[in-house]
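1. okay, predicted coordinates and the sequence, questions at the end:
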Amino acid sequence: MKIIETCLVFIKTKIPEAVFLVGVPFPKAQLPLSYSFYLITIFLFFKRSQMIDLHFPNEFVRFFLKSFRFQVDEDDYPWTHNKSNNLEWLHKYLTRKSELTRCIATAMVGPRTWIGGIFSRTGPKHSGSNKYDSKLTSVEEERYQRLHERADVPFDETRVDHQKALAELWNLAYPEVTLKGLISEQWMEMGWQGVNPSLDFRTCGFISLENLLFFAKTFPNAFRRLVLKQRGKMATWEYPFAVAGVNVSFMLTQMLELYQVKPRCHTCINFVKILGEDEEAFDVLYCIAFVLMDAQWLAMHASYMEFNDVLQSTRKQLERELALEDIQRIRDLPAYNLLHSSLV
C-alpha cells in the first residue's frame, strides 16, 4: 500500500497534466481510482522490466490514457460532435484496444517473478498454523512429484510434439477453419497477444497448453462456449480467452504450491489427497477454475481491467471448496456442475 501511495503522489506531482495528455480531459478532471491502481501496477511492471525511464513517464501515461479514452461515455468528448469520420474513429478504437490488450496481457503473463509477486501479495494469506507436514501415501507423493515436474516444463517452439500440440488446440477450437501456420494473425482471434502464441507460454510453460487441450477434449461444449463467447452479454472489454487460460494455469500452480518440493498448506494437502484418487484432478480443476472464472466475470459485469480481481475471487472460491470436509474427488466440488450447466 505504501508503494501505491508513493506512486500516486509521484504521478500527481510530476505529471499533474496527466489527464490532459491526450488533449481531452476525463469527465471529472482526474484519473479514476480503479484506473490509477492499474496504471501504477503496469507502470511498476515496465519500470521493473527497465522498459521505461522513471524520469520520463509522460509517454507511458499518454499511451495508457489514450487506451482508456474510448471507454468513457462518448457524450463526454467533444470529438464525438464530428460524426462524419466514423471509419477513422473505429480504426483508432481498434488500435487502442489492441495496444491495451498487449499491454495488460504482458502485465498478466510477464516474468514469473513479477507475476508471483502479485499473487503473493494479493492472494489469500496462510498463517504459520496453516502450514504443516502431512504424511502422504506413496501414490500421492508420486503423483504430486509428476505434477511438479509437469509444471517445470517450458514450452519449446522447436520441439515437434509441442508444435503438434499447439496446432491441435487450434483444430479443437476452430475445426472448420484451416490454420495457416504456427505464426499467424489467426492466433489473435483466440486471444493470444500476437501472431506467435508460443511467446505467451513463457510464464507457465507447457502445462498451460496441456490444460487447454484437456479442457477442449474432455469438456468440448463448455470449452467452445468460452472460446466462442456464446453465453452472457459480450463485454466492451472482453478478456482474451487464451491469455486468460494461461493465467488460470498459473494461478493454480501458485495456489497448489507446485513449485515447492512438497505441499505445505491445507489447500495443497487436501488437493494432493484428491490427486491420489484421481491423477487427472489437476486438469479437471483447471476446467472448473476456468468456467468458474468466466461465470464470476459475467456475474460481476467486470471490465477488462478487473480481470485480476475476478481471478483472485475465483481462487478464493476454489480454496473454500477444497476445504470442505465431504470432498473426496475433484468432481465433488460444487463448482464442477458449472462444466455441465447450460448457464455457463
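-> Ah, there it is.

2. helices of the stretch 101-250 of the chain, start to end?
-> 112-122, 138-150, 160-173, 187-190, 206-218, 220-227, 241-255 (DSSP state H, counting those that start in this stretch).

3. closest to Asp283 out of these?
-> helix 206-218 (4.1 Å; CB to CB). C-betas here are computed from N, CA, C, even on glycine.

4. go through the closest one and flag the buried ones.
-> Residues of helix 206-218 classed as buried under the neighbour-count rule (16 or more other CB atoms under 10 Å) are 206-216.

5. just the element for the residue lying closest to Leu338 once chain neighbours are set aside, please.
-> Among residues not flanking Leu338 along the chain, Val291 sits closest, at 4.4 Å (CB to CB, 6 or more residues apart in numbering). Secondary structure from DSSP states H and E places Val291 in helix 281-299.

6. Asn196: how many residues sit nearby?
-> 14 (other CB atoms under 10 Å).

7. hang on, I meant Glu141
-> 14.

8. can you check Arg331 too?
-> 14.

9. ok, it - contacts?
-> Val284 (CB atoms under 8 Å, 6 or more residues apart in numbering).

10. what angle do the helix holding Val291 and helix 138-150 make?
-> 60 degrees (axes from the mean of the first three to the mean of the last three CA atoms, to 10 degrees).

11. reformat the helices of the stretch 101-250 of the chain as CSV; add distance to Glu321 and mean pLDDT.
-> Converted to CSV, the helices of the stretch 101-250 of the chain look like this (distance: least, CB to CB, whole Å; pLDDT from 0 to 100):
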stretch, distance to Glu321, mean pLDDT
helix 112-122, 19, 34
helix 138-150, 19, 93
helix 160-173, 27, 97
helix 187-190, 29, 93
helix 206-218, 19, 98
helix 220-227, 18, 94
helix 241-255, 12, 96
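
12. domains of the chain?
-> 2-104, 130-340 (automatic domain parsing).

13. list the buried ones in the helix holding Val291?
-> Buried residues in helix 281-299, counted by 16+ other CB under 10 Å: 281-298.

14. can you show me the CA trace of that helix as PDB?
-> Backbone C-alpha positions of helix 281-299 (Å, rounded to 0.1, in the frame of the first residue of the first chain) are rendered in PDB as follows:
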ATOM      1  CA  ALA A 281      -7.500 -34.000 -10.700                       C
ATOM      2  CA  PHE A 282      -5.300 -31.000 -11.700                       C
ATOM      3  CA  ASP A 283      -6.500 -30.900 -15.200                       C
ATOM      4  CA  VAL A 284     -10.200 -31.200 -14.200                       C
ATOM      5  CA  LEU A 285      -9.600 -28.500 -11.500                       C
ATOM      6  CA  TYR A 286      -8.300 -26.300 -14.300                       C
ATOM      7  CA  CYS A 287     -11.500 -26.700 -16.300                       C
ATOM      8  CA  ILE A 288     -13.500 -26.000 -13.200                       C
ATOM      9  CA  ALA A 289     -11.500 -22.900 -12.400                       C
ATOM     10  CA  PHE A 290     -11.900 -21.600 -16.000                       C
ATOM     11  CA  VAL A 291     -15.700 -21.900 -16.100                       C
ATOM     12  CA  LEU A 292     -15.900 -20.500 -12.600                       C
ATOM     13  CA  MET A 293     -13.800 -17.500 -13.500                       C
ATOM     14  CA  ASP A 294     -16.000 -16.900 -16.600                       C
ATOM     15  CA  ALA A 295     -19.200 -17.200 -14.500                       C
ATOM     16  CA  GLN A 296     -17.900 -14.700 -12.000                       C
ATOM     17  CA  TRP A 297     -16.700 -12.400 -14.800                       C
ATOM     18  CA  LEU A 298     -20.300 -12.300 -16.100                       C
ATOM     19  CA  ALA A 299     -21.900 -12.100 -12.700                       C
END
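
15. pass me the low-pLDDT residue ranges in the protein, would you?
-> 1-134, 230-237, 342-344 (pLDDT under 70).

16. orientation of the strand or helix carrying Val272 relative to helix 138-150 in degrees?
-> Following DSSP H and E, one finds Val272 within helix 266-277. Interaxial angle of helix 266-277 relative to helix 138-150 (the same axes, to 10 degrees): 110 degrees.

17. if you count contacts, what does helix 266-277 end up packed against?
-> helix 138-150, helix 281-299, helix 307-322 (3 or more CB pairs under 8 Å, 6 or more residues apart in numbering; DSSP states H and E).

18. other residues contacting stretch 206-223?
-> Contacts of stretch 206-223 (CB under 8 Å, 6+ apart): 150-151, 153-156, 162, 165-166, 168-169, 172-173, 201, 242, 245-246, 248-250, 253, 280, 283-284, 286-287, 290-291, 338-340, 344.

19. 7 Å instead?
-> 150-151, 153-155, 162, 165-166, 168-169, 172-173, 201, 245-246, 249, 283, 286-287, 290-291, 339, 344 (CB atoms under 7 Å, 6 or more residues apart in numbering).

20. of the residues you listed, grab the buried ones for PyMOL.
-> Here is the PyMOL command that selects the buried residues among the contacts of stretch 206-223 (16+ other CB under 10 Å):
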select buried, resi 150+151+155+162+165+166+169+172+173+201+245+246+249+283+286+287+290+291+339+344
